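Chemist: mind looking at a prediction? Sequence and model below.
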Amino acid sequence: MHESLKISWQTSNEDASHVTYFINSGKVGEDDEGFEKILQAINNEPSAEVIIKINQMHGLGGGKLEDHLPFKKRYDELIDVLGERKLIYEIF
């Protein structure tokens with residue numbers, strides 16, 4: 001069991017739509033398959049804090065923070081899996 005699940009990602013230099021996802025610095029998968037594994041991990045760890053690590057270099061600007069996430073089209077799925085837990089943003 002994890003006390004927290006720290007979710008991060010890395011985009012490809014050649015194709016910004018290609019994303020590799022990580023939980024607690026360990027690679028979980030790529031693109032939609034990787035995001036599915038993140039949702040599964042959150043669902044399997046109902047007491048864990050969920051932390052989204054965002055690198056300032058990802059071009060944070062105005063607007064909603066979730067608009068700057070590579071999974072912004074699936075953000076609502078993440079919120080649903082969280083249930084009563086709050087999503088924590090860690091900006092570095």
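Modeler: Thanks, I have the structure now. Numbering: from 1, shown residues only.
Chemist: show me what the longest strand anywhere in the chain is packed up against.
Modeler: Using DSSP state E to define each element, the chain has its longest strand at strand 4-11. Strand 4-11 sits against strand 19-23, helix 31-44, strand 49-54, with contacts defined as 3 or more CB pairs under 8 Å, 6 or more residues apart in numbering; DSSP states H and E. To be clear about C-beta, it is placed using only N, CA and C from the backbone, and glycine gets the same treatment.
Chemist: compute the inter-axis angle for it and helix 31-44.
Modeler: Counting by axes from the mean of the first three to the mean of the last three CA atoms, to 10 degrees, strand 4-11 lies at 180 degrees to helix 31-44.
Chemist: tell me the mean pLDDT for strand 4-11?
Modeler: The pLDDT scores in strand 4-11 average 95.
Chemist: same question, stretch 30-39
Modeler: 97.
Chemist: alpha carbons of that stretch, as CSV, please.
Modeler: The C-alpha atoms that make up stretch 30-39 are tabulated as CSV, following Å, rounded to 0.1, in the frame of the first residue of the first chain:
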residue,chain,number,x,y,z
GLU,A,30,2.2,5.2,-22.4
ASP,A,31,-0.7,7.2,-23.8
ASP,A,32,-4.2,5.9,-23.1
GLU,A,33,-3.0,2.5,-21.8
GLY,A,34,-0.7,4.3,-19.3
PHE,A,35,-3.5,6.6,-18.1
GLU,A,36,-5.8,3.5,-17.6
LYS,A,37,-3.1,2.1,-15.3
ILE,A,38,-3.1,5.3,-13.4
LEU,A,39,-6.9,5.1,-12.9
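Chemist: buried set for it?
Modeler: E30, G34, F35, K37, I38, L39 (16 or more other CB atoms under 10 Å).
Chemist: in JSON lines, list those along with distance to P46.
Modeler: Formatted as JSON lines, the buried residues of stretch 30-39 follow (distance: CB to CB, whole Å):
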{"residue": "E30", "distance to P46": "26"}
{"residue": "G34", "distance to P46": "21"}
{"residue": "F35", "distance to P46": "19"}
{"residue": "K37", "distance to P46": "17"}
{"residue": "I38", "distance to P46": "15"}
{"residue": "L39", "distance to P46": "13"}
